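here is a sequence together with a model predicted from it:
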Amino acid sequence: MSVVLSTASLPAADRGERWHHAVSRTFIPLDVRLHEDDPTPGRIVSHQLGSLRVAHVQAGPQTVTRNKRLIRDGKEFVILTLQHRGTAIKEQDGRQARIGPGDFSLSDSSRLFRKQVQSRFSFTSFHFPREDLRVRDEDLRALTATAFTGREGGAALVATYFARLAREAAGLDAPAGRQFAATALDLLALLVNERRGRLAPRAPEAAAATLVRVKDHILRNLSDPDLSPPGIAAAHFMSVRYLHKLFQLEGVTVGEWIRTQRLERCRRDLLLSPALGQGVATVARRWGFVSPSHFSRSFRAAYGRTPREWQTHGLSGEARTEPRRGRR
């Protein structure tokens, strides 16, 4: 469910206090100073995906500070900010960086930081507990207040995935949201470790990072009915045997993981398909199911209903929200 906080309906004199409250409620306690006598209305729309909060923010010129007094609250969160409009000047850990449109940056709530924007802006932020990002403290500290360009290399992959996650957040149910959020943080940890030179060959974290890249490839190609372990392995210059070993880390086969992702998207789209005039077969083909009978059997085995029953009755009655694992 979306949470919307806005100052648009308030008199200009009341917007500053309400905006300060909205920012601190969405993120962490912060000091906010607006730079306009007649403040531009601000708006925050947020979604919760497990422990990850996604927030779309737009407002006018301001400075946001996390000072010593506020740090005493003991909250340890990391905030990734993907800038869309305006340029932010961010300061933390002795560094200052300009974050322009298309860039993203990291902040750590356990230490002082400051962000200033001198014009109207918009960004998407991703706010999560520090413990959920499995990287060393010294590595995170070395990369706060750093501008990551979202246009090349590993940073581009991170920016693309987080941006897509933000766009899809409102339509994800709780189990899918938690899973995609976990994948996003794995991808961010990979980037931090890559920048810090910690991706040693054959190290356990290297295998986990490779699995994140493989999953991202699969998710971007789910609609391809020819998606298969040999093709996936070839795209990542690895053997099929090694690909299967990667998924064994999570106790699932490659085929099971692909089928689960396809079924989750079909389950979501089937609720929308009647209004769009689309049948079950159309939805199944969209997500890579060639055989209608195979799709129907797989869907019923996973959710206890046929696709047609789910399309007709949706969330009414007793339907499982998570698919069961089984043999392909």
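Cool, got the structure. Numbers count the residues shown, from 1 in each chain.

for the rest of this, base every contact and every neighbour count on C-alpha atoms.
Noted.

who's in contact with the least confident helix or strand in the chain by mean pLDDT?
Ranked by mean pLDDT, DSSP states H and E, the helix or strand of the chain with the weakest confidence is helix 204-220, at a mean of 83. Here helix 204-220 makes contact (C-alpha atoms under 8 Å, 6 or more residues apart in numbering) with 183, 186-187, 190, 199-200, 227, 232, 236, 246-247, 258, 261.

any idea how far that helix is from the middle of the chain?
15 Å (C-alpha atoms, centre = their mean, to the nearest Å).

quick one: name whatever helix or strand follows that helix.
Counting by DSSP states H and E, the next helix or strand C-terminal to helix 204-220 is helix 229-235.

restricted to buried residues, select the contacts of helix 204-220 in ChimeraX.
With 16 or more other C-alpha atoms under 10 Å as the criterion, this ChimeraX line picks the buried residues out of the contacts of helix 204-220:
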select :183,186,187,190,199,232,246,247,258,261
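
dump the least confident helix or strand of the chain to CSV, restricted to CA.
Extracted in CSV, the C-alpha atoms of helix 204-220 (Å, rounded to 0.1, in the frame of the first residue of the first chain):
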residue,chain,number,x,y,z
PRO,A,204,32.0,-17.4,-1.5
GLU,A,205,30.9,-13.8,-1.9
ALA,A,206,32.0,-14.0,-5.6
ALA,A,207,29.6,-16.9,-6.1
ALA,A,208,26.8,-15.0,-4.4
ALA,A,209,27.5,-12.0,-6.6
THR,A,210,27.5,-14.1,-9.7
LEU,A,211,24.1,-15.6,-8.7
VAL,A,212,22.7,-12.0,-8.4
ARG,A,213,23.9,-11.2,-12.0
VAL,A,214,22.4,-14.5,-13.3
LYS,A,215,19.1,-13.8,-11.6
ASP,A,216,18.9,-10.3,-13.1
HIS,A,217,19.6,-11.8,-16.5
ILE,A,218,16.8,-14.4,-16.0
LEU,A,219,14.3,-11.7,-14.8
ARG,A,220,15.0,-9.6,-17.9
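
buried residues in that helix?
Within helix 204-220, the residues scored as buried using 16+ other C-alpha under 10 Å are 205-216, 218.

from those residues, which two are the most distant?
Using C-alpha to C-alpha, the pair of the buried residues of helix 204-220 lying farthest apart is 205 and 218, separated by 20.0 Å.

so for the helix or strand containing residue 299, what gets flagged as buried?
Secondary structure from DSSP H and E places residue 299 in helix 292-303. Going by neighbour count (16+ other C-alpha under 10 Å), the buried part of helix 292-303 is 295-296, 298-300, 302-303.

would you pull up how far that helix lies from the middle of the chain?
29 Å.

ok, then the element right after that helix?
helix 307-313.

tell me which other helices or strands the helix holding residue 299 touches.
helix 280-286, helix 307-313 (3 or more C-alpha pairs under 8 Å, 6 or more residues apart in numbering; DSSP states H and E).

how far out from the middle of the chain is the last one?
Just to be clear, that refers to helix 307-313. Averaging C-alpha positions (C-alpha atoms, centre = their mean) puts helix 307-313 29 Å from its chain's average.

same thing with stretch 86-95?
Centre-to-centre, stretch 86-95 and its host chain are 23 Å apart (C-alpha atoms, centre = their mean).

endpoints of it, how far apart?
With C-alpha to C-alpha, to the nearest Å as the measure, the ends of stretch 86-95 fall 20 Å from one another.

pLDDT weak spots in the protein?
Applying pLDDT under 70 to the chain flags residues 1, 199-206, 273-277, 315-328.

residue 29 against residue 70, yeah?
Yes - in this structure, residue 29 is within contact of residue 70 by C-alpha atoms under 8 Å, at 6.3 Å.

I'd like the helices and strands packed on helix 292-303 laid out as CSV, including mean neighbour count and distance to residue 94.
Below are these laid out as CSV (neighbours: other C-alpha atoms under 10 Å; distance: least, C-alpha to C-alpha, whole Å):
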stretch, mean neighbour count, distance to residue 94
helix 280-286, 18, 50
helix 307-313, 17, 55
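
okay, these in CSV with distance to residue 253 next?
Shown next, in CSV, are those (distance: least, C-alpha to C-alpha, whole Å):
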stretch, distance to residue 253
helix 280-286, 21
helix 307-313, 24
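
so which of those helices gets nearest residue 48?
Closest to residue 48 of the helices and strands packed on helix 292-303, according to C-alpha to C-alpha: helix 307-313, at 25.3 Å.

who does the closest one touch, helix- and strand-wise?
Counting contacts by 3+ C-alpha pairs under 8 Å, 6+ apart, helix 307-313 is packed against helix 254-276, helix 280-286, helix 292-303.

coming back round to it: now the angle from the least confident helix or strand of the chain to helix 254-276?
Counting by axes from the mean of the first three to the mean of the last three C-alpha atoms, to 10 degrees, helix 204-220 lies at 30 degrees to helix 254-276.
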